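Participant: coordinates only, no sequence provided:
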């Protein structure tokens, strides 16, 4: 029999496996997984090869010399093992005749695997050392129905077996009691967040230095470090000789204006009655104008100091000067004391308007490329449940020499005063929005041994699906390998499936 005719049984079994996979995928969800028994029987009855196959067996397999599953018929034996020490799992097949080893080239072998929720997979083999090795790895979990076809000396041998791993059966009523949420894998938009530490600081644009604007001696101090105040509140009082002189100057100017006005009105009347010369009238008018200018100048000097022009006219000391807060806010610095002599430009109070504050964020060099001006940020206090949102408005262009980090700033509204400078915070910045073809809920992820898995749902069965994961935003995780779009899986409370799996004993066991 030529090589082409020898491959006919193997090709037939491949077709059977693919047909069987279609049957499993189209079964009602409440039905148990299909077995390869019926498919193998169909092949036997319809004559998958020109010669009747030998060695069809549905009886339990024996354990072979290599610790694998040993199948025998008519003196020919085939031992199936899965080797995974220091390498991805692969089939290794050992051949025997009458219990003695055969060279791996003594037979042609193919194995078709059918898994839950997946199409049939056909493994071909090549000789290597004293065994046959599969052309592909055997994906975890090793839970499948298998059909083995071997061709030796013009005879075809066929065996079938099933093994279950990381699978548990849970009916709908039990599923509801367990509170397991069923989700479907599919496309999603991953919004990975960058989490960085930071601290609340004052808004530098709203910090005001209060200076006396006049030299003098402090006679009263009404506000102190850490106190909140409103715009215009009196902070302190000083006695200033210069202020007394300015007020006296204003009063003199006001009296001179009154006198000049009276003189002008009299000279105007006399001129109109042709009693006095026009020259006298014009001189009186000029003196009145000069008096007006002098009064305006004296008034401007007082107003520039924040002093009303008419102050000190009710028996108050002409030297009394009230230093008032230019803004509402918090006193963060104070350097004034009773009896102190202060200069006109001395910083005596620092007041910060805390209606807005900044979150100063530490940015590590590796993350600089992901932080941009205009980026949205969520700020969370580390010691409380205070939370706020803002926008990055500033990033330093230089790395700190000591810290080797950069700084980003986020402005936060703080009308209610909940953000206090000095509070430690964490900032969450959305780095980018990434569409991915397949993603699962982060709540669905479980671990079994060294596997990271979700539990796929196939009718009443749940089976672990080891995953290769990609990017995540804490809510959804990209799946690179392990589950396909449209497959159902256990989402919320998936740990209950893991617990049931532990009870059933269907763990990672070959």
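Facilitator: Yep, that arrived. Because the structure is predicted, anything quoted here is derived from the model rather than measured. Numbers count the residues shown, from 1 in each chain.
Participant: what domains does the record give for this protein?
Facilitator: Using automatic domain parsing, the domain parsing of the chain gives 3-163, 172-190+434-504, 193-239+322-431, 241-318.
Participant: mind putting the ones you listed in a markdown table, mean neighbour count and mean pLDDT included?
Facilitator: Every residue, glycine included, has its C-beta placed from N, CA and C. Formatted as a markdown table, those follow (neighbours: other Cβ atoms under 10 Å; pLDDT from 0 to 100):
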| stretch | mean neighbour count | mean pLDDT |
| --- | --- | --- |
| domain 3-163 | 17 | 76 |
| domain 172-190+434-504 | 18 | 93 |
| domain 193-239+322-431 | 16 | 92 |
| domain 241-318 | 15 | 84 |
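Participant: may I ask which helix or strand encompasses the closest residue in space to residue 144 that isn't next to it in sequence?
Facilitator: Leaving aside its sequence neighbours, residue 144 sits nearest to residue 113 (Cβ to Cβ, 6 or more residues apart in numbering; 4.4 Å). For residue 113, the host element (DSSP states H and E) is strand 108-114.
Participant: and that strand, which strands flank it?
Facilitator: Counting by DSSP bridges, the strands paired with strand 108-114 are strand 121-128 (antiparallel), strand 144-152 (antiparallel).
Participant: ok, which of these comes nearest residue 479?
Facilitator: strand 121-128 (19.4 Å; Cβ to Cβ).
Participant: just put the strands paired with strand 108-114 in JSON lines and tack on distance to residue 382.
Facilitator: Formatted as JSON lines, the strands paired with strand 108-114 follow (distance: least, Cβ to Cβ, whole Å):
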{"stretch": "strand 121-128", "distance to residue 382": "51"}
{"stretch": "strand 144-152", "distance to residue 382": "49"}
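Participant: the ones you listed: which one's closest to residue 293?
Facilitator: Among the strands paired with strand 108-114, strand 121-128 sits nearest to residue 293 (Cβ to Cβ), with 102.9 Å.
Participant: where along this protein do the helices fall?
Facilitator: Counting by DSSP state H, the chain has these helices, from start to end: 3-6, 8-25, 36-46, 172-178, 241-272, 278-303, 495-504.
Participant: that older thread, quick check: the residue nearest to residue 144 vs residue 119, distance?
Facilitator: Separation of residue 113 from residue 119 (Cβ to Cβ, to the nearest Å): 10 Å.
Participant: same thing with residue 207?
Facilitator: Per Cβ to Cβ, residue 207 is found 68 Å from residue 119.
Participant: over to residue 390?
Facilitator: Look at residue 390 and residue 119: by Cβ to Cβ, they are 51 Å apart.
Participant: ok, now residue 97?
Facilitator: Remark: distance between residue 97 and residue 119 (Cβ to Cβ) = 35 Å.
Participant: wait, residue 360 touches residue 202, no?
Facilitator: No. Contact criterion Cβ atoms under 8 Å: residue 360 and residue 202 do not qualify, at 10.0 Å.
Participant: what sits closest to residue 266 if chain neighbours are left out?
Facilitator: Leaving out its chain neighbours, the residue that sits closest to residue 266 by Cβ to Cβ, 6+ apart is residue 284, at 7.6 Å.
Participant: can you pull out the strands in the stretch 401-510 of the chain?
Facilitator: 406-413, 424-430, 434-441, 446-448, 451-458, 461-466, 468-472, 476-481, 488-490 (DSSP state E, counting those that start in this stretch).
Participant: residue 268 versus the residue of the chain most remote from its centre, what's the distance?
Facilitator: Relative to the centre of the chain, the most outlying C-alpha is that of residue 275, 94.5 Å out, by Cα atoms, centre = their mean. Using Cβ to Cβ, residue 275 is found at 11 Å from residue 268.
Participant: repeat for residue 149
Facilitator: 132 Å.
Participant: please apply the same query to residue 226.
Facilitator: In terms of Cβ to Cβ, residue 226 sits 62 Å off from residue 268.
Participant: list the contacts of the closest residue to residue 94 other than its chain neighbours.
Facilitator: Once flanking residues are discounted, residue 94 sits nearest to residue 79: 4.3 Å by Cβ to Cβ, 6+ apart. Residue 79 makes contacts with 64-66, 68-71, 93-96, as judged by Cβ atoms under 8 Å, 6 or more residues apart in numbering.
Participant: next: residue 326.
Facilitator: 208, 210, 231, 351.
Participant: what's it sitting at in phi/psi?
Facilitator: phi -80, psi -20 (degrees, to the nearest 10).
Participant: so which residue is dead centre in the chain?
Facilitator: Nearest to the mean C-alpha position of the chain, by Cα atoms, centre = their mean, lies residue 193 at 2.5 Å.
Participant: please name the nearest non-neighbouring residue to it.
Facilitator: For residue 193, ignoring the flanking residues on the chain, the nearest one in space by Cβ to Cβ, 6+ apart is residue 428 at 4.6 Å.
Participant: got it, and residue 398?
Facilitator: Per Cβ to Cβ, 6+ apart, closest to residue 398 is residue 406, 7.4 Å.
Participant: does that neighbour really touch residue 400, like I thought?
Facilitator: Yes. Using Cβ under 8 Å, residue 406 is in contact with residue 400, at 7.3 Å.
Participant: could you verify my assumption that residue 64 touches residue 77?
Facilitator: Yes. Using Cβ under 8 Å, residue 64 makes contact with residue 77 at a distance of 7.5 Å.
Participant: shared neighbours, those two?
Facilitator: Shared contacts of residue 64 and residue 77, defined by Cβ under 8 Å, 6+ apart, comprise 70, 96.
Participant: thinking again about what came up before, now the residue nearest to residue 193: how far from residue 380?
Facilitator: 7 Å.
Participant: ok, now which ones touch residue 391?
Facilitator: Going by Cβ under 8 Å, 6+ apart, residue 391 touches 374-377, 410-411.
Participant: closest to residue 185 out of those?
Facilitator: residue 376 (28.3 Å).
Participant: list the contacts for the closest residue to residue 343 other than its chain neighbours?
Facilitator: Excluding its sequence neighbours, the residue lying closest to residue 343 (Cβ to Cβ, 6+ apart) is residue 215, at 5.3 Å. By Cβ under 8 Å, 6+ apart, the contact list for residue 215 reads 240, 242, 341-344.
Participant: could you save those as a markdown table and add columns showing distance to residue 462?
Facilitator: A markdown table is the format used below for these (distance: Cβ to Cβ, whole Å):
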| residue | distance to residue 462 |
| --- | --- |
| 240 | 85 |
| 242 | 88 |
| 341 | 84 |
| 342 | 79 |
| 343 | 81 |
| 344 | 81 |
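Participant: restricted to strands, list these.
Facilitator: Cross-referencing the contacts of residue 215 against strands under DSSP state E gives 341-342.
Participant: just give me the closest of the contacts of residue 215 to residue 317.
Facilitator: Using Cβ to Cβ, those come closest to residue 317 at residue 240, 9.9 Å.
Participant: any idea how many residues pack against that closest one?
Facilitator: Using other Cβ atoms under 10 Å, residue 240 has 25 neighbouring residues.
Participant: list the contacts for the residue nearest to it when sequence neighbours are not counted?
Facilitator: Excluding its sequence neighbours, the residue lying closest to residue 240 (Cβ to Cβ, 6+ apart) is residue 216, at 3.5 Å. For residue 216, the contact set (Cβ under 8 Å, 6+ apart) comprises 238-243, 319, 321, 341-342.
Participant: which pair of the residues you listed spans the longest distance?
Facilitator: Greatest spatial distance in the contacts of residue 216: 243 and 341, 14.5 Å, computed using Cβ to Cβ.
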